[in-house]
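Q: missing the sequence, but the structure's below:
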């Protein structure tokens, strides 16, 4: 039991010197990426740079102790940073003291929600977010993130949270851009995009081995940071309009709960839930993908617990909300992280960086951080997903398009809600109209098939219908409507047979519907029968009065039913057509 | 097309003198019930008596023109009156001018919503309300309705909307009750309960025919009203503490839109939607039950249009929201209503009553109206539904119990939302864990069955799993988790086969899951195969890249798959055990 919630007890006992070596190398590589990314995502979230760095300390230690994935690199990530900015921005201005307070409460609330959902094993709730919705949301969020960095990339006063706000602001303020800032942005962006493939190739041509070259290529972020910082410092560019990071407090974060404010908490509860679910869904899918490569498995509910604790840790250390990040996790995996200890070592290295290096970051240009963000989110954008999904399924494509449009035009929370709402709606719409087939006997056989697809024999006094779905509240009424229709269409109707071979479950709503059908048919002097009821469904029906009240019988097979209700038809059908092919499609 | 939305064109052409006779008799009987009930339900809704009477005029004419049920009696009903009182009470005090205005906007909004849902053919949305939720809600609403009438029955100042409010108020104010009021209440209640069966029996003993006796028994309400009014007037009881209805404006309602107030409309939108859905669900189920007796059918979406127009009519004539009522519809049916014209004739008779009789109702005691309400809601209470539903299905029982508890303790809207939320949650919970069976070959056959239920043969290098459900977003992740588990449990795993004979549909989320499974298995050097994929599912998969990317094959049958992947096993299995019984349960 203890093992279950403290997974590190399992791997810590077997921890070897080789594991330590691998974990340290992975941690070093991840730290080199994480320091600039953490500061960049803090800027994206509208928070001071240290909020990002602190988010890479205690949360990582907590995830290392409680998480089940050895490769997942937890910390600040772009989409959660954007959602944090939107949620905190709804209750306070960026830069106002209430803004950081709101971000801390978002971390605490979403952490508490993840923890509770994990302990209650409610991780399945994340299923509310269908793939098309999450994928459309991530692409739209990536566009908004890129748009939000225009002010830093251009050095112009471009503001706004949605495209209808950003674009006019861009047009109005483009003339105020700083050419020097644009130059730095362009150089850093160009270098980073080139480094993604070109740097490793270059290093290999210089004689390095392929794995080493790939590993060293991960220092591109560090090179961009150091290079642009040195340039600004050396040339005194901060005096010439280049915005820099400025003072970052030296030292470790204090541990303590932020100021309590019930109104604030009530306002933030709904966005915190959305951030928790988005963060969890992203993190679990990364962790599962990486675990599969090593034939390992992760426990989704335990992941929720670990991510929840990590966010609670963020909330008490003046940090921003965290989750598992895709690019750093892949780097962590590729660099050979053997156990979650790699994350703990990363946290220690970040702590050393905060203690020792923050003064050196004073001259780090904000344009560099913005370029780092742009490169990171470029990999999130998947514009081909929409046409691909639409081609596969109209309903899924519509849900994706709605999510993207509402996110871009109205806001991130509204976009997510619109997507979840529309996909649930379309799901219910489909579920409420199950496939139902009126069936007849295939001549020469004891088989029954859809009258619309096969040449079959029926008797006008018997209406046999097969429902290809379990019967439960979303579709209960559809069967009532269909049988009501048959009742008014066929005056000679004497019997209705419901063929239940595809029915795995009948809930209380469907049971009431069957009772209503039985009563209504009885009032019209028509008997109601079932056929081919599965064992578990029969067991459940026996716990109700339905079988006693049923005006007709339960037949083992549809053929038995027809033989009892329309004996001439069935025997004639068997005799006359014994030589015809089994299934003659119409 | 015109016929479709103006159903009266269909029946009006065939309308005969016999139909007219039947409709007039039914209308007379319904009017005798409707006049006192309409005033009583207006009192229940916290509105002046005329709001109920007006609700039985234009709305009935509109329903007669557009509705599809010949028997449904539309007008004020108890549950909708209670919900109206709750919603209007949230924005204004009873008796304040804003209260009636709110009720009118509730009628207009819920009417507009019904109309829109009907025209868009979205009637299936009512499926969100499962039977256990609606049944629990109606019983709890009945209790609250009865509790709300205590003040009129006792003549004491008992207030409150929920049980935790009403009960302390009852204890505190019981001493202030009016004995005379209690006497009138007891006499009227006793008479009405007796009349439900005793009056017809008495009339038959006096020599009347059974049908006539039953019809005349419907005058019980009228007798109670006339008797108690005459008693109050004759004995001057209104001077001795008996609350009476008082002045009702004489004349027809004016037609016009109520005052426009955007804030009010925004506050009322959500409760109006709930009232629309509850009203619709109740009405449709009554209409379907009565239609079935005559082998007729009703069109649920057309019913929505007609009920929507009826409520719009209520909103522009100072009336309360309306829907189809159970007891009056049964009376209407039993009295022989032949066509929807019966409703139109009822509306005319009500109009005559409003013009001629309102002065006579001045002395009608409110206690009589309260007793009429109690008798009407007594038939709504079904206390045995909860244990019955719980015994049948825990999930449905829990949803019903939650609906009842929240409705009684917190409020009607919250109760309905809690029920819908919990039933969707439990539905998703169940759906997210579909039945999955690991399958093996039944010795001596080509059949494959669940390894946990039958003695079957498997090969450790092949993991064959059957999912007994379509694959879609609520359950997509469950399959990923299960296969991930198998991958980490079985080191010798080489192949995974997904048997799809129960899969009717694969949505885009499940497709992504299958792609993720394929990628992860490939990364672990395991090939992924499908078997027994249905035709339509195969067609849909061909619209994606999945089949090209699949590391394994699609086999026609599970036996083909095993023969290709583990040939020794299958042939040994067929040979060695040819004589064993087909299915040997473990």
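A: Sure thing, it's come through. Everything numeric here is computed off the predicted structure, so don't read it as measured data. Numbering: from 1, shown residues only, chains lettered A, B, ... in the order given.
Q: for chain B, what are the nearby residues on the stretch 51-200 of chain A?
A: Residues of the stretch 51-200 of chain A found near chain B, taking Cβ under 8 Å from any Cβ of the partner chain as the criterion, are A:124, A:125, A:126, A:127, A:128, A:130, A:131, A:132, A:135. Any C-beta I mention is one placed from the backbone N, CA and C, and that applies to glycine too.
Q: Which stretches in chain A count as strands?
A: For chain A, strands defined by DSSP state E occupy the ranges A:74-75, A:323-324, A:436-441, A:448-450, A:462-467, A:495-499, A:527-531, A:554-555.
Q: in its sheet, what does the fourth one sit against?
A: Sheet pairing for strand A:448-450, assigned by DSSP bridges, gives strand A:436-441 (antiparallel).
Q: Not counting its own residues, what contacts the partner strand?
A: A:447-454, A:456-458, A:463-468, A:478-479, A:482, A:499, A:558-559, A:562, A:569-570, A:573 (Cβ atoms under 8 Å, 6 or more residues apart in numbering or on different chains).
Q: related to what we said a few turns ago, any chance of the strands of chain A in TSV, with mean pLDDT and mean neighbour count too?
A: Listed next are those as TSV, based on pLDDT from 0 to 100; neighbours: other Cβ atoms under 10 Å in any protein chain shown:
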stretch	mean pLDDT	mean neighbour count
strand A:74-75	94	33
strand A:323-324	94	28
strand A:436-441	89	21
strand A:448-450	84	21
strand A:462-467	92	22
strand A:495-499	95	24
strand A:527-531	95	22
strand A:554-555	94	18
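Q: before we move on, back to that, in the residues of the stretch 51-200 of chain A next to chain B, which residue is surrounded by the most others?
A: Highest neighbour count within those, by other Cβ atoms under 10 Å in any protein chain shown: residue A:132, with 34 neighbours.
Q: average pLDDT for the longest helix along chain A?
A: When chain A is parsed with DSSP state H, its longest helix is helix A:262-293. If you average the pLDDT over helix A:262-293, you get 88.
Q: pLDDT value on the closest residue to residue A:249 other than its chain neighbours, please?
A: The shortest distance from residue A:249 to any non-neighbouring residue, by Cβ to Cβ, 6 or more residues apart in numbering or on different chains, is to residue A:50 (5.7 Å). Note on residue A:50: pLDDT of 93.
Q: got it, and residue A:177?
A: Confidence score, pLDDT, at residue A:177: 89.
Q: how near is it to residue A:164?
A: In this view, residue A:177 and residue A:164 are 21 Å apart by Cβ to Cβ, to the nearest Å.
Q: neighbour count winner among the two?
A: The neighbour count for residue A:177 versus residue A:164, taken as other Cβ under 10 Å, is higher for residue A:177 (19 against 12).
Q: Just to check, that one is in contact with residue A:154?
A: Yes: here residue A:177 reaches residue A:154: they are 4.3 Å apart, a contact under Cβ atoms under 8 Å.
Q: Could you dump the strands of chain A into a markdown table with distance to residue B:534 added?
A: Compiled in a markdown table, the strands of chain A are given as follows (distance: least, Cβ to Cβ, whole Å):
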| stretch | distance to residue B:534 |
| --- | --- |
| strand A:74-75 | 42 |
| strand A:323-324 | 37 |
| strand A:436-441 | 14 |
| strand A:448-450 | 14 |
| strand A:462-467 | 15 |
| strand A:495-499 | 18 |
| strand A:527-531 | 22 |
| strand A:554-555 | 26 |
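Q: Alright, I will stop here.
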